[in-house]
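S.K.: Pasting the sequence and the predicted coordinates here, then a few questions.
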Amino acid sequence: TKGVILVGGPSKGTRMRPLSLDCPKPLLPIAGKPMIWHPLAALAQVSGLVEIIIIGFYEDSVMSGFIKDAKREFPNITITYLREYRPLGTAGGLYHFRDSILRAPTPQHIFICNIDVACSFPLAEMMTLHSKHRGVGTILSVTVKKETATQYGCIVTDPETQQMVHYVEKPDSWISNMVNGGVYLFDKTLFDEIKVAMDDKTARAAEDPLVKPDEILRLEQDVIVPLAAAKKMYVYETKSFWRQMKTAASAVTASSLYLNNFAKTSPELLAKPSASIISPTFIDPTASIDPTAKIGPNVAIGPHVRIGKGARVKDAIIMEGSVLEQHSCVLNSIVGTDCHIGPWARVDGAPEPEAEVKGQISVTVLATEVTLAPETLVRSCIVLPNKSLDRNSANQVLL
Ligand code: GDD
């Protein structure tokens, strides 16, 4: 078995701005770990998995530090980054690098994970279902609220057999609350199916000048739709947590979902609860926290952060090198790298709404090197890098 993680590239991180201006989306800290660590660590637990291949169109240098650390953490697994020369689409990259993916030891099975979903990665359960049917692929699905379903790939299954009977990527109108969870398990014959899709596209391009042969190839529309029609896809529905991470607000939600999951599955990753630390909270060992501060729950604190006397932090991500001075307060927010929050300043927001309301800011996001003067209040704002604030602000984008 091998695993592939699709990480996309720089142009795709726009909804994570301003955070993605300084930190590429796969490396954003979620529950104290880079976003990509979560699927990678889950893949590394799969019995018999020998190799993890990361495919994207970020510069090699963007991924190299993470890959070095991951190799050290998972020494028995080959970990490689393969860079697309341009965005090839969710199936285009797989096709382009098929020889590398299929090279010895040739995998019978390949897991494919999107980078931007937070979930419990029930990969063993998917494998169990997969080994019981004769389809080409098993997809992770999740049931979402009706209002949000059309933002995802929508799935209709036969409840008796778990066979997928219909798939529509982001339909115009509602067809189902069961959606594509962004994690797949395929037989190696997936590559035959991708080739058919590629040949089909090339043939159509020859006939129709509007279809460009050079275009991207999508796993969802170009491969899974025909697989569903041919009754070759099966569906594993997770009842555990699942969240897509497209926006900064969803990063806070995802971080707390992972922290709560760590509390159940790997409490050693979390800070020990104490009079000042409420679980679940992650604190990097290089961070320094005054014992009179109160931190948590649902907080992740990065390297070299300093938190002063009497500070309060809850439902938040505090990124590397930031300083929260005495009696400052950070709630429902992300504090980017190297920010400075003055004494008695307050940064807060509302929790992420379930269905995101357009144009409304929920959590506050401070980008890199934002400075807040003492006693300033910043509520539900997006603050761009290097900004110094000395006046109260609410519900604004501060440039
Ligand atoms: N290597 C590579 N190359 N990766 C890509 C490319 C590409 O050209 N385009 C997208 N990706 C990666 C993204 O980084 C992400 O991990 C994944 O592929 C899917 O991204 P999108 O194509 O932006 O789709 P989406 O996130 O809007 O929707 C997908 O995920 C949903 C679940 O979160 C679809 O698969 C939906 O059906 C699904 O519900």
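M.R.: Okay, I see it. Numbering: from 1, shown residues only.

S.K.: The helix or strand of the chain with the lowest mean pLDDT near the ligand at all?
M.R.: Every helix and strand of the chain was ranked by mean pLDDT, DSSP states H and E. The lowest is helix 19-22, at a mean of 77. No: contact of helix 19-22 with the ligand (C-beta under 6 Å from any ligand atom) is absent, the minimum separation being 11.9 Å. Bear in mind the C-beta positions are built from the backbone N, C-alpha and C, glycine included.

S.K.: And for that helix, what's in contact with it?
M.R.: In this structure, residues lying in contact with helix 19-22 by C-beta atoms under 8 Å, 6 or more residues apart in numbering are 10, 13-14, 28, 248, 251, 334, 336-337, 365, 367-368, 384-385.

S.K.: Name the residues of that helix that come out as buried.
M.R.: 19-20 (16 or more other C-beta atoms under 10 Å).

S.K.: Contact residues of the stretch 1-150 of the chain facing the ligand?
M.R.: Proximity of the stretch 1-150 of the chain to the ligand, by C-beta under 6 Å from any ligand atom, involves residues 6-8, 12, 55-57, 84, 87-90, 93, 114-117.

S.K.: Next step: those restricted to strands.
M.R.: Under the assignment DSSP state E, these contribute 6-8, 55-56, 114, 117 to strands.

S.K.: If the residue in the stretch 201-350 of the chain positioned nearest to the ligand is in a bridge, with which residues?
M.R.: At 4.1 Å from the ligand, residue 244 is the closest residue in the stretch 201-350 of the chain, using C-beta to the nearest ligand atom. Beta-bridge pairing for residue 244 (DSSP bridges): residue 117.

S.K.: pull the CA atoms of whatever helix or strand residue 111 lives in into PDB?
M.R.: Residue 111 is located in strand 109-114, with elements delineated by DSSP states H and E. This file holds the C-alpha atoms of strand 109-114, laid out as PDB (Å, rounded to 0.1, in the frame of the first residue of the first chain):
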ATOM      1  CA  HIS A 109      -3.800  -0.300  -3.000                       C
ATOM      2  CA  ILE A 110      -3.300   3.500  -2.900                       C
ATOM      3  CA  PHE A 111      -4.800   5.900  -0.400                       C
ATOM      4  CA  ILE A 112      -5.400   9.400  -1.700                       C
ATOM      5  CA  CYS A 113      -6.000  12.300   0.700                       C
ATOM      6  CA  ASN A 114      -6.900  15.900   0.100                       C
END
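
S.K.: and it, what other elements does it pack with?
M.R.: On a contact count with 3 or more C-beta pairs under 8 Å, 6 or more residues apart in numbering; DSSP states H and E, strand 109-114 meets strand 2-8, helix 37-44, helix 123-132, strand 178-187.

S.K.: Show me what the helix or strand where residue 201 lies is packed up against.
M.R.: In the assignment (DSSP H and E), residue 201 maps to helix 190-207. Counting contacts by 3+ C-beta pairs under 8 Å, 6+ apart, helix 190-207 is packed against helix 92-96, helix 98-102, helix 225-229.

S.K.: how about a cut-off of 10 Å?
M.R.: Judged by 3 or more C-beta pairs under 10 Å, 6 or more residues apart in numbering; DSSP states H and E, the packing partners of helix 190-207 are helix 92-96, helix 98-102, strand 109-114, strand 178-187, helix 225-229.

S.K.: still on that earlier bit, ok, residues contacting the helix or strand that the least confident helix or strand of the chain is followed by?
M.R.: As assigned by DSSP H and E, the chain's next helix or strand after helix 19-22 is strand 29-30. Strand 29-30 is contacted by residues 19, 23, 35-38, 116, 118, 245, 250-259, 282, 284, 300-303, 317-320, 334, 337 when judged by C-beta atoms under 10 Å, 6 or more residues apart in numbering.
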